[in-house]
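Structure, please.
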Amino acid sequence: MYPPPPPPAPQRDFISVTLIPSRGYDGSKGWRRRSCWRKWKQLSRFQRNAILFLLAFLMLCGLLTYVSTSDQWPAENRSAEGQRMRPANPPVLPAPQKADAHPETFPGLSPQKLPRHFRRGPPNLQIRAPDRTFKDRGQDEAERRAEAVDEKGQRTISWRGAVMEPEQGSELPSRKAEGPPRPSPQALGIQNPPASPKERQKAVIDAFRHAWAGYRKFAWGHDELRPVSRSFSEWFGLGLTLIDALDTMWILGLKKEFEEARKWVSKKLEFQKNVDVNLFESTIRILGGLLSAFHLSGDVLFLQKAEDFGNRLMPAFQTPSKIPYSDVNIGTGAAHPPRWTSDSTVAEVTSIQLEFRELSRLTGVKKFQEAAEEVTRHIHSLSGKKDGLVPMFINTHSGLFTHLGVFTLGARADSYYEYLLKQWIQGGKKEPQLLEDYLEAVEGIKRHLLRRSEPMKLTFVGELTHGRFSAKMDHLVCFLPGTLALGAHHGLPADHMELARALMDTCYQMNRQMETGLSPEIVHFNLSPQPARKDVLVKAADRHNLLRPETVESLFYLYRFTGDRKYQDWGWDILQSFNTYTRIPSGGYSSISNVQDPSNPQPRDKMESFFLGETLKYLYLLFSDDPNLLSLDTYVFNTEAHPLPIWAPA
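Got it, this is the predicted structure:
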């Protein structure tokens, strides 16, 4: 007799699955994947289709949301870390932002620090990046970071890149390994082929991208590229080249490069470091670069970084005389003069005012402007000048000039004169003391330092040492034609423009009369009427070229104010010479040791940050026929070519 069958199991509307790990489970993901797959197979076809439909719907919604927000990018909804560059057409000046924006637009700044009208200068301030695309060159291995060891030896003295250090000599790879350089158009007696302004601007963009590719591959996040050895060098350890080039990338429309650099600033740039920085160099390059990037892009990240850095520079002003020390540790706050003297150079302490004044205007914190302007007032009151000309050194303890009787417009004094005029322009021409000092200095230059060479009668600016005139002129002095022209544009005497034109001719000849078409660091002019001699003479120790911007800077001003296309042609000659003798095939440009030897210019294996921050920027602006692109009635450039706004009337 069989036992009765078991009662039927109650029907359920779900599936029960008991997951039991196998004895061989070793923590791998294989068992979990099989279990999930088993679960999926046990679902009905309707359930599986419903899940797939839901996932597809969510992905579509996310994609549409991303596209919509990336097109609009409203500034009021962007966080400080999430702000990005707004796509745009070719450079235009959009309408100014409203002054009643919400505090959320400036995260990290307290409401009382919110600037009136954003404290971002006059109307029509922000420049949009051109919406252009360019073919990538040399971008392979883009994420590679150089692990090369830093250069041996330490810097001693630096003046805007003029580093006094032992020659690298045989440590550098020979240029011959890269093939002999092409002879210059000047050496062959051939004129450069004509090119339209747009074609010339594209050539500048190509040069920038080539330089940036080298920096990106071999020196990313470091201060300077060493293009020959494909490595890097450090000065402050703050990504100097990257920060110096931010506004250049924006102006040239290199959105991809700008975005990548901005990400580095956001994630990697930290100022809490036990490192000494030079007050002048870091102010004009880092503080100026961050402020300019903020003005052009509207991205508050750069303003926040600028305020942080400005605060870390302030201990330099804590001296008995209020004349700042040359160096300050941005991590510890310890400030000090150079090891070899208690003096600061006059140009260093008087060429930080544009940046500190603008930082105060943007943040509402007055200490930056007050400290910088106290230096200006002190210099104004000092004796020891000669018809407006100032000595090169000043003591931080006594506050008095030292090394009296030596007057130059070259290194250690040059930008004092530049900033007298530019502060006056920046402040809306309301500070007569600045204008008086500038006008007096121009008269002193004409009275004591101007001469004419033989046989071409080139007007040049020499030096005066205890009453003795020297026919020595630094390439740095070639800032002066542009400064004089800027003053004439803003209503100063017409003879300033006449002098600017004459000096511009001289600065071009300092390039033209060299076999490479590039100016040496220092020249001496011939004053003898003997017929067989050149106007421009060069000593062996002075024939290097550091990729400096001063000549092309002044060419930009002269072309902008006169419209004479010869200045564009001269700039084109110089760009061609840079490409012929300083461009390194693997990426980057290198300073050279001998501008008189086109067969072996001797690369020095250094690309200074100002080549991207100044030289290429001024060349691009020189080749533009748009007077509204960084109008000189709206902006004033600091001595590192970072545009800052001219203050609107109160």
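
only C-alpha atoms for contact and neighbour calcs from this point on.
Will do.

Contacts for stretch 528-543 next, please.
453-456, 458, 509-510, 513, 519-527, 593-596 (CA atoms under 8 Å, 6 or more residues apart in numbering).

Return the members of these classed as buried.
With burial judged by 16 or more other CA atoms under 10 Å, the buried subset of the contacts of stretch 528-543 is 453-455, 458, 509-510, 513, 519-527, 593-596.

if we can go back for a sec, among the contacts of stretch 528-543, which are in helices?
Q509, M510 (DSSP state H).

follow-up on the earlier one: in strands, which of the buried ones among the contacts of stretch 528-543 fall?
I522, V523, H524, F525 (DSSP state E).

what's the closest non-adjacent residue to the last one?
What it means is F525. V536 (5.0 Å; CA to CA, 6 or more residues apart in numbering).

That neighbour: neighbouring residues, count only.
V536 has 23 neighbours, counted by other CA atoms under 10 Å.

so where's the stretch 201-350 of the chain uncertain?
The model of the stretch 201-350 of the chain has no residue with pLDDT under 70.

90 instead, please
339-341 (pLDDT under 90).

so after the helix or strand bottoming out on mean pLDDT in the chain, what's the next helix or strand?
Within the chain, no helix or strand scores below helix 185-188, which has a mean of 42 by mean pLDDT, DSSP states H and E. Moving toward the C-terminus from helix 185-188, the next helix or strand (DSSP states H and E) is helix 197-218.

Would you mind writing the CA trace of that next one as PDB?
Extracted in PDB, the C-alpha atoms of helix 197-218 (Å, rounded to 0.1, in the frame of the first residue of the first chain):
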ATOM      1  CA  PRO A 197      48.000  89.000 -40.900                       C
ATOM      2  CA  LYS A 198      45.800  85.900 -40.400                       C
ATOM      3  CA  GLU A 199      48.500  83.600 -41.800                       C
ATOM      4  CA  ARG A 200      51.000  85.200 -39.500                       C
ATOM      5  CA  GLN A 201      48.700  84.800 -36.500                       C
ATOM      6  CA  LYS A 202      48.400  81.100 -37.400                       C
ATOM      7  CA  ALA A 203      52.200  80.900 -37.500                       C
ATOM      8  CA  VAL A 204      52.300  82.200 -33.900                       C
ATOM      9  CA  ILE A 205      49.700  79.700 -32.800                       C
ATOM     10  CA  ASP A 206      51.800  76.900 -34.400                       C
ATOM     11  CA  ALA A 207      54.800  78.200 -32.500                       C
ATOM     12  CA  PHE A 208      52.900  78.300 -29.300                       C
ATOM     13  CA  ARG A 209      51.600  74.800 -29.700                       C
ATOM     14  CA  HIS A 210      55.100  73.500 -30.500                       C
ATOM     15  CA  ALA A 211      56.500  75.200 -27.400                       C
ATOM     16  CA  TRP A 212      53.500  74.000 -25.300                       C
ATOM     17  CA  ALA A 213      53.900  70.400 -26.600                       C
ATOM     18  CA  GLY A 214      57.500  70.300 -25.400                       C
ATOM     19  CA  TYR A 215      56.500  71.700 -22.000                       C
ATOM     20  CA  ARG A 216      53.600  69.300 -21.700                       C
ATOM     21  CA  LYS A 217      55.700  66.200 -22.500                       C
ATOM     22  CA  PHE A 218      58.800  67.000 -20.600                       C
END
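
Check which helices and strands that helix sits against.
Contact partners of helix 197-218 among helices and strands, from 3 or more CA pairs under 8 Å, 6 or more residues apart in numbering; DSSP states H and E: strand 224-226, helix 566-581, helix 616-622.

Run a quick neighbour tally on the closest residue to N274 other than its chain neighbours.
Using CA to CA, 6+ apart and skipping residues adjacent in sequence, the residue nearest N274 is G331, 4.6 Å away. G331 has 14 neighbours, counted by other CA under 10 Å.

for G331, helix, strand, or coil?
coil (DSSP: H, G, I helix; E, B strand; the rest coil).

So it versus Y559, what's the distance?
Look at G331 and Y559: by CA to CA, to the nearest Å, they are 44 Å apart.

Where does pLDDT dip in the stretch 351-500 of the chain?
The stretch 351-500 of the chain contains no residues with pLDDT under 90.

just so I have it, where are all the helices in it?
Secondary structure of the stretch 351-500 of the chain (DSSP state H, counting those that start in this stretch): helices located at 353-363, 367-381, 414-426, 432-448, 480-489, 494-512.

For S398, which of those is the nearest?
S398 sits nearest to helix 367-381 of all the helices of the stretch 351-500 of the chain, at 11.5 Å, using CA to CA.
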